[in-house]
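[1] heads up, no residue letters with this:
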């Protein structure tokens, strides 16, 4: 799947929402934890099984409502091998349901290590004569502040296999300005990174004009987003920071072009934790998640018309 297909799914559903699957123990409904711990004990295995149930139930409920999901790898890696196993299973489950799947791991390393990351995420790992596919995903977030040798190993997968890499430009956290807003000659750092992303995109543009290399641009900096959208009209934006981090529907309107194309808006806690804002005991958490996802779609739709 490529940026072209993601754009088509957004247009079909008239919905540019990506739901973040960021499970951790304090946000899981008690009935899910209770069932998992009864079967597996209060162990890493038990927590990982609870994560799997929580995420797959959300995927079942939101299927056909949102086109894309973002899996936060840190949540699963924190549980060790049991968590990573469930993350692999969830990525496959989401693909089977028809979602565009992004693994949010912000990979970034020197060339030979980046090659291993790219192979593990997008390719296969050979053991003897057997090839093993670890993840079934469409995209990955990459920290490109190491330069081109940390990005180029991913490019063949973008060109030949329809994979996508979203490069960090201007992130949604407050301290991003400590580095990303510094001047570099006549540019700020995040525009220098955008220029590099365009340079790496030479032969990676699809039929809708967008590169298979996307850009991470936070919802908490709407004016920066507006300027980046105007200048880099061939980069597809992944926009984190909506909801719990303070990004609003009015903010994210600047991520789109005049046709309502070119961006996907990610939200995690405001959807998957929506039940915690009520008196619910969590048994109806899926109802709250669906309502929150539909409300986010409607709110964005007041400012963005997807043609």
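    The structure has been received and is ready for your questions. All figures in this text were calculated on a predicted structure; none of them were measured in a lab.
[2] quick one: residue 103 and residue 139 touch, right?
    Yes: the criterion here is C-beta atoms under 8 Å, and residue 103 meets it with residue 139 at 7.4 Å. Using the backbone N, CA and C atoms, a C-beta is placed for each residue, glycine as well.
[3] So between these two, which is more surrounded?
    Neighbours were counted for residue 103 and for residue 139 using other C-beta atoms under 10 Å; residue 139 has more, 28 against 25.
[4] Show the pLDDT at the more buried one.
    What the model reports as pLDDT for residue 139 is 97.
[5] what sits against it?
    Remark: with contacts taken as C-beta atoms under 8 Å, 6 or more residues apart in numbering, residue 139 is in contact with 100-103, 163-166, 214.
[6] same thing with residue 305?
    Here residue 305 is in contact with residue 260 (C-beta under 8 Å, 6+ apart).
[7] Now do the contacts for residue 148.
    196, 200.
[8] got it, and residue 98?
    residue 63.
[9] With residue 292 instead?
    270-271, 274.
[10] Same list, the contacts of residue 139, but as JSON lines with secondary structure, pLDDT and distance to residue 13 please.
    Below are the contacts of residue 139 laid out as JSON lines (DSSP: H, G, I helix; E, B strand; the rest coil; pLDDT from 0 to 100; distance: C-beta to C-beta, whole Å):
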{"residue": "100", "secondary structure": "strand", "pLDDT": "97", "distance to residue 13": "11"}
{"residue": "101", "secondary structure": "strand", "pLDDT": "98", "distance to residue 13": "16"}
{"residue": "102", "secondary structure": "strand", "pLDDT": "98", "distance to residue 13": "17"}
{"residue": "103", "secondary structure": "strand", "pLDDT": "97", "distance to residue 13": "22"}
{"residue": "163", "secondary structure": "coil", "pLDDT": "97", "distance to residue 13": "22"}
{"residue": "164", "secondary structure": "strand", "pLDDT": "97", "distance to residue 13": "18"}
{"residue": "165", "secondary structure": "strand", "pLDDT": "97", "distance to residue 13": "24"}
{"residue": "166", "secondary structure": "strand", "pLDDT": "98", "distance to residue 13": "20"}
{"residue": "214", "secondary structure": "strand", "pLDDT": "98", "distance to residue 13": "19"}
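[11] Weed out the non-buried ones from the residues you listed.
    100-103, 163-166, 214 (16 or more other C-beta atoms under 10 Å).
[12] Determine the number of other residues adjacent to residue 182.
    So residue 182, with other C-beta under 10 Å, has 12 neighbours.
[13] next one: residue 37
    Neighbour tally, residue 37, other C-beta under 10 Å: 15.
[14] isn't it right next to residue 45, touching?
    No: under the criterion of C-beta under 8 Å, residue 37 makes no contact with residue 45, lying 10.0 Å away.
[15] Residue 121 and residue 97, how far apart?
    20 Å (C-beta to C-beta, to the nearest Å).
[16] So for those two, which sits in the more crowded spot?
    Set residue 121 next to residue 97 and count neighbours by other C-beta under 10 Å: residue 121 wins out with 22 against 15.
[17] Surely that one touches residue 103?
    Yes: if you go by C-beta under 8 Å, residue 121 and residue 103 touch, sitting 6.5 Å apart.
[18] Which neighbours do these two have in common?
    Joint contacts of residue 121 and residue 103 (C-beta under 8 Å, 6+ apart) are 135, 137, 140.
[19] Buried by neighbour count, from the residues you listed: which ones?
    Among the shared contacts of residue 121 and residue 103, the ones that count as buried by 16+ other C-beta under 10 Å are 135, 137, 140.
[20] circling back: now, which of the shared contacts of residue 121 and residue 103 sits nearest residue 59?
    Taking C-beta to C-beta as the measure, residue 59 lies nearest residue 137 of the shared contacts of residue 121 and residue 103, at 13.6 Å.
[21] which ones are touching that closest one?
    If you count contacts by C-beta under 8 Å, 6+ apart, then residue 137 has 71, 91, 95, 101-103, 121-122 around it.
[22] Model confidence for residue 176, exactly?
    87.
[23] How about residue 205?
    So residue 205 comes in at 96 (pLDDT).
[24] can you give me phi and psi for it?
    Main-chain torsions, residue 205, degrees, to the nearest 10: phi -90, psi 140.
[25] same deal with residue 252?
    phi -80, psi -10.
[26] tell me the contacts of it?
    219, 222, 225, 239, 242, 263, 265, 300, 303-304.
[27] switch to 10 Å and redo it
    Contact analysis of residue 252 by C-beta atoms under 10 Å, 6 or more residues apart in numbering lists 16, 217-219, 222, 225, 237, 239, 241-242, 263-267, 296, 299-300, 303-304.
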